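Novice: test case, fold it:
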Amino acid sequence: MDRLITLAHGNGGRLMRELIDELIVPRLGDLLLDSHADAVALDTIAADKKLVVTTDGYTVQPLEFPGGNIGSLAVHGTVNDLAVTGATPHYLCLNMILEEGLKRTVMERVIDAFADAARQCNVKIAAGDTKVVPKGEGSGLYLATTGIGSKNSSIDFCASNIRNGDAILVSGSIGDHGTAVMLARQSFGLSGEILSDSASVLPLCNTLLSINGLRFMRDPTRGGLATVLHELQSLSGLGILIDETVIPIRDPVKGVCEILGYDPLYLACEGRVVAVVAADQAELVLARWKAINSGLNARIIGHFRAQPKQVVLKTSIGGERVLFELEDDPLPRIC
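Specialist: Residues are numbered from 1 along each chain as shown. Model prediction:
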């Protein structure tokens, strides 16, 4: 019989120590700096570097989905938030809120996926904590992470760097993660083989750092591509025009969205980069991305313009329509 998590596993006593020592520590292994200390010392960042910190929470439902689970998603999401700033991730802190009744085998798979992703991203686990809440109050498992990295002091990506005419690129197909999670919920009577794009974008970001015309990078998670574009429009004070015919969207994603009435432009990605670059450097960005992975469907999808100060989509039939800012959450508990 599959053993379950109980409230006693969060009481700070013997069962909690057994949970940590028998289930968590063996799976994280060499990733852990110290599993017994209340605080650990980290290496000092070099004088020519800036310390970069990010934090995030993960409440995705279901916990496991095609292409990943909440464990790998937590690593990728945190590492990616550092990567798009031009930082190299070094450490993660992991907090787990477990629900009474969670199957230990599910937790084992989540920790295994977390460990595999952390090793691939070359990050260590600096600190962590575990709590258990009563059955019915936690949806199985929540994760909260803090990521610590460093970057060269000269790197400063911000929307104020964006200029009229700058190109907008996306590193691959959009909406895969949102659609994969949606199908995994089995709430719509649909099935398919769509996988989440959950992955580290660190290689995609690092290969662009030497491009002088690089203005800005962002990973389009909650709210998808459209939400990132609205943020950029607001912060830059410019208008944006994107071309519907070149935005990379897989046919299965289009099909699911058409059936259920979703717009893939607003669905989360977990392994993509939106980059803004001087127009004459856009082809160089594509070349570098495709040198990393020739299968990437990276595209130049639009540009900034002076007027109108809106996000506008040039449609496949030649017209234009305003892309409105997201109001309701089209798909809650997506990451």
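
Novice: burial count for Gly136?
Specialist: A count of nearby residues for Gly136, using other C-beta atoms under 10 Å, gives 9. C-beta here means a position set from N, CA and C on the backbone, and glycine is covered the same way.

Novice: what does stretch 38-50 rub up against?
Specialist: 33-34, 51, 87, 90-91, 126-127, 148, 150-153, 155 (C-beta atoms under 8 Å, 6 or more residues apart in numbering).

Novice: do that again at 7 Å, thanks
Specialist: With contacts defined as C-beta atoms under 7 Å, 6 or more residues apart in numbering, stretch 38-50 is touched by 33-34, 51, 91, 126-127, 150-153.

Novice: can you check the distance spanned by it, start to finish?
Specialist: End-to-end distance for stretch 38-50: 25 Å, by C-alpha to C-alpha, to the nearest Å.

Novice: how about that stretch, which residues are buried there?
Specialist: Neighbour-count burial for stretch 38-50 flags 40, 49-50 (criterion: 16 or more other C-beta atoms under 10 Å).

Novice: please apply the same query to stretch 115-125.
Specialist: Those would be 115, 117-118, 121, 123-125, for stretch 115-125 by 16+ other C-beta under 10 Å.

Novice: in PDB, could you pull the C-alpha coordinates for stretch 154-165?
Specialist: C-alpha atoms of stretch 154-165 as PDB (Å, rounded to 0.1, in the frame of the first residue of the first chain):
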ATOM      1  CA  SER A 154      27.600  45.900 -17.100                       C
ATOM      2  CA  ILE A 155      24.500  43.900 -18.000                       C
ATOM      3  CA  ASP A 156      21.300  46.000 -17.600                       C
ATOM      4  CA  PHE A 157      18.300  44.800 -19.500                       C
ATOM      5  CA  CYS A 158      15.300  47.000 -19.100                       C
ATOM      6  CA  ALA A 159      12.300  48.200 -21.100                       C
ATOM      7  CA  SER A 160      13.700  51.800 -21.100                       C
ATOM      8  CA  ASN A 161      16.400  50.600 -23.500                       C
ATOM      9  CA  ILE A 162      13.800  49.800 -26.200                       C
ATOM     10  CA  ARG A 163      13.800  52.000 -29.300                       C
ATOM     11  CA  ASN A 164      11.300  52.700 -32.100                       C
ATOM     12  CA  GLY A 165      11.800  50.000 -34.800                       C
END
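
Novice: filter the buried residues of stretch 38-50 down to the ones in strands?
Specialist: 49-50 (DSSP state E).

Novice: quick check: of the buried residues of stretch 38-50, which lies closest to Arg272?
Specialist: Set against Arg272, the nearest of the buried residues of stretch 38-50 by C-beta to C-beta is Lys50 (25.0 Å).

Novice: I'm done for today, thanks for sticking with me.
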